[in-house]
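Asks: My questions are about this predicted structure, shown below with the sequence.
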Amino acid sequence: MIKFCVKLVQRWLPEPFVFAVLLTLVAAVVAIPVCHQTPVEVLGHWGSGMWGLLAFSMQMALVLVSGSALASAPLVKRGIAALASVPKTPVAAIAVVTAVSAVACWLNWGFGLIVGVIFAKEIARRLQGVDYRLLIASAYSGFVVWHAGLSGSIPLTMATPGDALAKATNGVLNSPVPVSQTILNPHNLVMVAVVMVAITLVNSLMHPRRDVVTVDPSLLADDAQVPTRPSSPTPAERMEYSRLLTWIVALLGIAYLVYHFAIERGSLDLNAVIMIFLFAGLLLHGTPLAYVRAFGKAATGAAGIILQFPFYAGIMGIITGVGASGLCLGTVISDACIAVSTPVTYPLLTFLCAAVLNMFVPSGGGHWAIQAPIMFAAGANLGVDPGLTGTAIAWGDAWTNLIQPFWALPALAIARLSAKDIMGYCLVDLLVTGVIICTGLIVWAL
């Protein structure tokens with residue numbers, strides 16, 4: 001089955017940008033007859049929606065670039081190298097990378113998405129005989145648990161007090177749903193643990209005994225150079241090589257982070273992760289010029305994000321756009337799941353509905369906007385706990401990320417691979433984790 005999945009993906013999965021274009025065409029063609037929208041209406045939804053992810057696109061680009069620049073700092077490189085020397089066999093390397101990535105993604109998805117692949121790449125530099133494609137796939141596979149973790153956007157939104165919650169759910173949720181009923185619910189924690197163990201075992205078993213795809217040394221080349229201070233620096237060069245200036249700026253960032261967490265009681269959201277990466281990287285590189293050069297080198301990997309995210313925002317516009325008929329494609333898909341649901345099957349069908357939508361709208365915020373007004377009302381009518389409904393949507397949003405190249409772009413940029421190199425292995429993980437999640441949701445609903 002492993003060889004079949006790998007060959008299937010390598011033969012049929014196009015470059016991620018082409019995949020985004022194909023999804024755009026599918027969404028548009030389906031929306032016209034299903035939602036009774038005119039081509040002009042769909043075109044308007046697509047064009048106006050293309051700019052809906054600009055802020056998020058910048059956040060993702062900064063996560064990639066600042067995380068990569070931080071990892072290239074000498075002290076961090078030595079620490080990663082020490083950890084990467086722990087596994088002594090290829091199978092052990094696959095298991096360690098999968099476990100580290102999964103735990104890191106559960107703690108914080110932005111952190112885990114970058115750390116896992118950087119760790120995997122360092123192992124590939126040190127350990128002979130490990131399959132590089134599988135190693136990077138293992139690093140990415142841990143991302144499947146992110147929305148059931150501490151940075152899951154839907155559970156955290158549900159736990160946030162305010163009028164926005166009632167408005168988003170059409171008045172169904174008038175009070176916050178604590179994370180003890182979603183992220184920290186025993187059912188969810190068991191599902192997370194079983195998924196982590198399963199992907200660790202499955203990824204380890206997928207490592208070939210022969211015909212190992214080793215890595216091209218050029219993909220692992222580390223040509224970072226520390227700038228050499230001139231013997232007779234000009235005033236401008238003194239500032240460029242000034243460690244004092246670095247410390248002043250870094251301490252300002254650290255002071256704000258302390259204020260954010262201690263005074264404002266802020267969460268470790270995506271912006272906080274980026275700030276940690278930014279100022280830690282600046283501090284550890286030592287001088288402004290060294291950091292600028294490391295940042296510039298890392299920025300080349302953000303091209304895929306910059307190009308593709310507007311197209312996915314356009315797809316989101318098609319999915320959420322309401323025409324003169326009063327229908328949008330996201331509502332139609334959600335209503336189809338509701339129509340055949342019972343109190344026991346409702347969480348499962350909600351999960352599958354979210355999984356389908358995630359192929360077109362790979363964004364937790366997008367899922368919330370589409371499904372919250374519909375799914376919580378239907379769940380309440382069926383007597384389904386809102387914590388279960390929200391968790392089912394969250395798992396569906398995360399599950400098909402295993403075969404949706406959108407979220408893999410930062411990892412692929414760091415690894416210097418294409419989506420078809422890793423998605424065959426991720427397809428196997430998709431099938432295995434799908435059984436676990438579906439079973440867990442049914443047991444939770446009983």
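Replies: Received it, and whenever you're ready, just let me know what you need. Numbers count the residues shown, from 1 in each chain.
Asks: how long is stretch 176-193 end to end?
Replies: One end of stretch 176-193 to the other measures 26 Å (CA to CA, to the nearest Å).
Asks: got it, and stretch 257-277?
Replies: End-to-end distance (CA to CA), stretch 257-277: 12 Å.
Asks: Any regions of the stretch 51-200 of the chain where pLDDT drops low?
Replies: Counting by pLDDT under 70, the stretch 51-200 of the chain contains no low-confidence segment.
Asks: sorry, that was for the stretch 201-350 of the chain
Replies: 211, 213-227, 270.
Asks: And the strands in it?
Replies: Along the stretch 201-350 of the chain, counting by DSSP state E, counting those that start in this stretch, no stretch forms strands.
Asks: Could you pull out the helices in the stretch 1-150 of the chain for me?
Replies: 2-12, 16-34, 39-49, 54-71, 74-84, 90-107, 109-126, 132-141 (DSSP state H, counting those that start in this stretch).
Asks: right, I mislabeled it, should have said the stretch 151-300 of the chain
Replies: Going by DSSP H, counting those that start in this stretch, the stretch 151-300 of the chain shows helices at 153-158, 163-168, 186-206, 217-220, 235-240, 243-258, 270-285, 288-299.
Asks: Packed most tightly, which of the helices of the stretch 1-150 of the chain would that be?
Replies: For those, the largest average neighbour count (mean count of other CB atoms under 10 Å) is found in helix 132-141, namely a mean of 29. All C-beta spots, glycine's among them, are computed from the backbone N, C-alpha and C.
Asks: and the angle for it with helix 2-12?
Replies: Following axes from the mean of the first three to the mean of the last three CA atoms, to 10 degrees, one obtains 90 degrees for the angle between helix 132-141 and helix 2-12.
Asks: what packs against helix 132-141?
Replies: For helix 132-141, the packing partners by 3 or more CB pairs under 8 Å, 6 or more residues apart in numbering; DSSP states H and E come out as helix 90-107, helix 109-126, helix 186-206, helix 409-415, helix 419-445.
Asks: re earlier: output the helices of the stretch 151-300 of the chain in JSON lines; the columns should cover mean neighbour count and distance to Tyr312.
Replies: Output for the helices of the stretch 151-300 of the chain, formatted as JSON lines (neighbours: other CB atoms under 10 Å; distance: least, CB to CB, whole Å):
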{"stretch": "helix 153-158", "mean neighbour count": "23", "distance to Tyr312": "16"}
{"stretch": "helix 163-168", "mean neighbour count": "14", "distance to Tyr312": "21"}
{"stretch": "helix 186-206", "mean neighbour count": "19", "distance to Tyr312": "25"}
{"stretch": "helix 217-220", "mean neighbour count": "11", "distance to Tyr312": "26"}
{"stretch": "helix 235-240", "mean neighbour count": "12", "distance to Tyr312": "38"}
{"stretch": "helix 243-258", "mean neighbour count": "14", "distance to Tyr312": "30"}
{"stretch": "helix 270-285", "mean neighbour count": "21", "distance to Tyr312": "17"}
{"stretch": "helix 288-299", "mean neighbour count": "19", "distance to Tyr312": "21"}
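Asks: Please name whichever of those is nearest to Gly321.
Replies: Proximity to Gly321 (CB to CB) singles out helix 163-168 among those, at 18.0 Å.
Asks: hmm, back to that, looking at the helices of the stretch 151-300 of the chain, which is nearest to Ser66?
Replies: helix 270-285 (3.7 Å).
Asks: and of the helices and strands packed on helix 132-141, who's closest to Ala392?
Replies: helix 419-445 (5.7 Å).
Asks: could you dump stretch 331-351 to CSV, C-alpha only?
Replies: The C-alpha trace of stretch 331-351 is given here as CSV (Å, rounded to 0.1, in the frame of the first residue of the first chain):
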residue,chain,number,x,y,z
THR,A,331,-23.6,26.4,3.6
VAL,A,332,-24.7,23.8,1.0
ILE,A,333,-22.0,21.4,2.0
SER,A,334,-22.8,21.8,5.7
ASP,A,335,-26.5,21.4,5.2
ALA,A,336,-25.9,18.2,3.3
CYS,A,337,-24.1,16.7,6.3
ILE,A,338,-26.9,17.9,8.7
ALA,A,339,-29.6,16.4,6.6
VAL,A,340,-28.5,12.8,7.2
SER,A,341,-27.3,13.2,10.8
THR,A,342,-28.4,11.6,14.1
PRO,A,343,-27.1,12.5,17.6
VAL,A,344,-24.5,9.8,17.3
THR,A,345,-23.4,10.3,13.7
TYR,A,346,-23.5,14.1,13.8
PRO,A,347,-19.9,14.7,15.1
LEU,A,348,-18.6,12.2,12.6
LEU,A,349,-20.4,13.9,9.7
THR,A,350,-19.3,17.3,11.0
PHE,A,351,-15.7,16.1,11.0
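Asks: Could you give me the buried positions within that stretch?
Replies: Within stretch 331-351, the residues that count as buried by 16 or more other CB atoms under 10 Å are 331, 333-334, 337-338, 341, 345-351.
Asks: quick one: contacts of that stretch?
Replies: Outside stretch 331-351, the residues that touch it by CB atoms under 8 Å, 6 or more residues apart in numbering are 34-35, 352-353, 356-357, 370-371, 374-375, 378-379, 382-384, 388-389, 391-393, 395-396, 399, 437-438, 441-442, 444-446.
Asks: try stretch 247-262
Replies: For stretch 247-262, using CB under 8 Å, 6+ apart, the contacting residues are Gly266, Leu268, Ala272, Met275, Ile276, Leu278, Phe279, Ala280, Leu282, Leu283, Pro288.
Asks: Make CSV from the residues you listed and add distance to Met50 to it.
Replies: Below are the contacts of stretch 247-262 laid out as CSV (distance: CB to CB, whole Å):
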residue, distance to Met50
Gly266, 31
Leu268, 30
Ala272, 28
Met275, 28
Ile276, 30
Leu278, 28
Phe279, 32
Ala280, 34
Leu282, 33
Leu283, 37
Pro288, 35
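Asks: Sort out which one of the residues you listed lies nearest Gly364 for me.
Replies: Closest to Gly364, out of all of the contacts of stretch 247-262 and judged by CB to CB, is Leu268, at 15.5 Å.
Asks: who touches that closest one in this structure?
Replies: Asn108, Leu150, Ser151, Phe261.
Asks: Relative to Leu284, how far out is the last one?
Replies: Look at Phe261 and Leu284: by CB to CB, to the nearest Å, they are 20 Å apart.
Asks: And the first one, by the same measure?
Replies: From Asn108 across to Leu284, the span is 19 Å (CB to CB).
Asks: What sits closest to Val443 if chain neighbours are left out?
Replies: Distances taken as CB to CB, 6 or more residues apart in numbering put His187 closest to Val443, at 7.1 Å, once the chain neighbours are dropped.
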